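Enquirer: Here is a sequence together with a model predicted from it:
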Amino acid sequence: DGGITQSPKYLFRKEGQNVTLSCEQNLNHDAMYWYRQDPGQGLRLIYYSQIVNDFQKGDIAEGYSVSREKKESFPLTVTSAQKNPTAFYLCASSRDRAFSNQPQHFGDGTRLSIL
Amino acid sequence: QKEVEQDPGPLSVPEGAIVSLNCTYSNSAFQYFMWYRQYSRKGPELLMYTYSSGNKEDGRFTAQVDKSSKYISLFIRDSQPSDSATYLCAMGGNTGKLIFGQGTTLQVKP
């Protein structure tokens, strides 16, 4: 089955700790995205990538970092600089270049909480 | 003013009712429109995708786009308890980012 796999489903972060969220897709999509979802708010874009070894900041990139070493993988690191990391994190992908008219498809998210 | 406005609800209806979910937007550059369904603790699932004004039907779901009024709707006929979820509208243009509404929570009571 083609899709997007996010892991882990739940993650807890201690003070001063960096944590990495995994996102893997087998849809052969070029573009990948990371969003943050908070209660009562729409999805907010953290980072996106159009191609391997390329990525761009979204609207709320501060305190986050990404890499795109393989087409299938787009991990997100939540650094200790992100002071309010508790949220539901969603990874998405789309065919062709980012923000073309192709719809985005989502994984099932990772819920990150502070210990 | 937000680029996309969506009433958060919650909206509660009896089983079998027709449901109308709506979004308004301010950016006339938006060209394509989507509706996603999101169950609790899950990722959004694409329901409908439209690229022009008018109606698009898929089973019990109808998406309607009125570009002149900057208004989109999703209608659900014969609603079922399994339709209980949060519905997100999303829209974008050729070079801009996808903008999401905050979502409407729907509960269909048996």
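Expert: Here it is on my side, so go on.

Enquirer: ok, now which ones touch residue B:55?
Expert: Neighbour list for residue B:55: B:62, B:63, B:64 [criterion: Cβ atoms under 8 Å, 6 or more residues apart in numbering or on different chains]. C-betas here are computed from N, CA, C, even on glycine.

Enquirer: please redo it, this time with the cut-off set to 6 Å
Expert: By Cβ atoms under 6 Å, 6 or more residues apart in numbering or on different chains, the residues touching residue B:55 are B:62, B:64.

Enquirer: what's the helix or strand for it?
Expert: If you go by DSSP states H and E, residue B:55 is part of strand B:54-58.

Enquirer: Quick check: what element follows that strand along the chain?
Expert: If you walk from strand B:54-58 toward the C-terminus, the next helix or strand you reach (DSSP H and E) is strand B:61-66.

Enquirer: residues of that next one that come out buried?
Expert: Residues B:61, B:62, B:63, B:64, B:65 are the ones in strand B:61-66 that count as buried (16 or more other Cβ atoms under 10 Å in any protein chain shown).

Enquirer: And for stretch B:89-97?
Expert: B:89, B:90, B:91, B:92, B:93.

Enquirer: is any part of stretch B:19-39 close to chain A?
Expert: Yes. Contact between stretch B:19-39 and chain A, assessed by Cβ under 6 Å from any Cβ of the partner chain, occurs at B:32, B:34.

Enquirer: confidence score at residue 14?
Expert: Just so you know, I chose chain A. pLDDT, residue A:14: 88.

Enquirer: try chain B instead
Expert: pLDDT at residue B:14 comes out at 97.

Enquirer: Report the contact partners of the residue positioned nearest the centre of chain A.
Expert: Centrality entry for chain A: nearest residue to the mean C-alpha point is residue A:34, 2.8 Å, by Cα atoms, centre = their mean. Residues near residue A:34 by Cβ under 6 Å, 6+ apart: A:46, A:47, A:76, A:91.

Enquirer: can we see that at 8 Å?
Expert: Contacts of residue A:34 (Cβ under 8 Å, 6+ apart): A:23, A:45-48, A:58, A:64, A:66, A:74, A:76, A:89-92.
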